[in-house]
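Undergrad: Return atomic coordinates for the entry below.
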Amino acid sequence: MPEVIPIGSDHAGVELKARLVEELRSLGYEPLDLGTTGTESVDYPDFAHAVADRVERQEARRGVLLCGTGLGMAYAANRHPGVRAAVAWAPEIARLAREHNDANVLVLPARFVSSDDGVRILRTWLETEFAGGRHSRRVAKIDREQG
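TA: Residues are numbered from 1 along each chain as shown. Take a look at the predicted model:
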């Protein structure tokens with residue numbers, strides 16, 4: 001059974017999202033497109049929470065989000081316990097987000113990456129494993145309750 005990867009975007013990311021959905025399918029994944037589907041202005045938190053909820057509840061191991069800068073999506077997704085959403089604008093950033101931070105949600109800044117770069121970033125993120133070791137201790141500190 002193929003890995004289901006929820007993917008969501010706001011209006012700024014809808015075009016790149018369509019390309020990434022195709023890419024996920026071609027790589028043997030099962031993308032779960034949670035919207036939006038058009039270029040009419042929408043509120044990015046709605047889509048960030050829809051993807052992050054599935055990762056938080058372990059219904060999906062990882063997810064993908066897109067918006068203009070990637071920042072709003074990351075802010076909203078990172079409010080969910082156990083979600084580590086990383087904005088990546090280059091394949092090297094995506095690789096390090098996975099290797100060092102075990103990023104389980106990839107966030108792409110759709111207004112700042114080309115379609116081809118978006119595909120390269122996605123592929124790198126999907127192919128990179130978490131390095132563990134000293135990074136495991138650091139990731140555990142991210143998830144630690146404060147107070």
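Undergrad: for the chain, what are the low-confidence residue spans?
TA: Applying pLDDT under 70 to the chain flags residues 145-147.
Undergrad: residue boundaries of the helices in it?
TA: For the chain, the helices defined by DSSP state H occupy 14-26, 44-56, 71-77, 91-101, 115-127, 134-143.
Undergrad: Just put those in CSV and tack on distance to Arg84 and mean neighbour count.
TA: Yep, even glycine has a C-beta here, placed from its N, CA and C like the rest. Formatted as CSV, the helices of the chain follow (distance: least, C-beta to C-beta, whole Å; neighbours: other C-beta atoms under 10 Å):
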stretch, distance to Arg84, mean neighbour count
helix 14-26, 19, 18
helix 44-56, 9, 22
helix 71-77, 9, 22
helix 91-101, 6, 18
helix 115-127, 12, 18
helix 134-143, 7, 11
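Undergrad: check contacts around the most centrally placed residue in the chain.
TA: Nearest to the geometric centre of the chain sits Leu106, at 2.3 Å (C-alpha atoms, centre = their mean). Leu106 makes contact with 62-65, 85-86, 88, 94, 97, 121-122, 125, according to C-beta atoms under 8 Å, 6 or more residues apart in numbering.
Undergrad: just those residues now: which is nearest Thr39?
TA: Nearest to Thr39 out of the contacts of Leu106 is Leu65 (C-beta to C-beta; 17.0 Å).
Undergrad: distance of that closest one from Arg98?
TA: 15 Å (C-beta to C-beta, to the nearest Å).
Undergrad: Ser26 now?
TA: Ser26 is 20 Å from Arg98, by C-beta to C-beta.
Undergrad: ditto for Gly13
TA: 20 Å.
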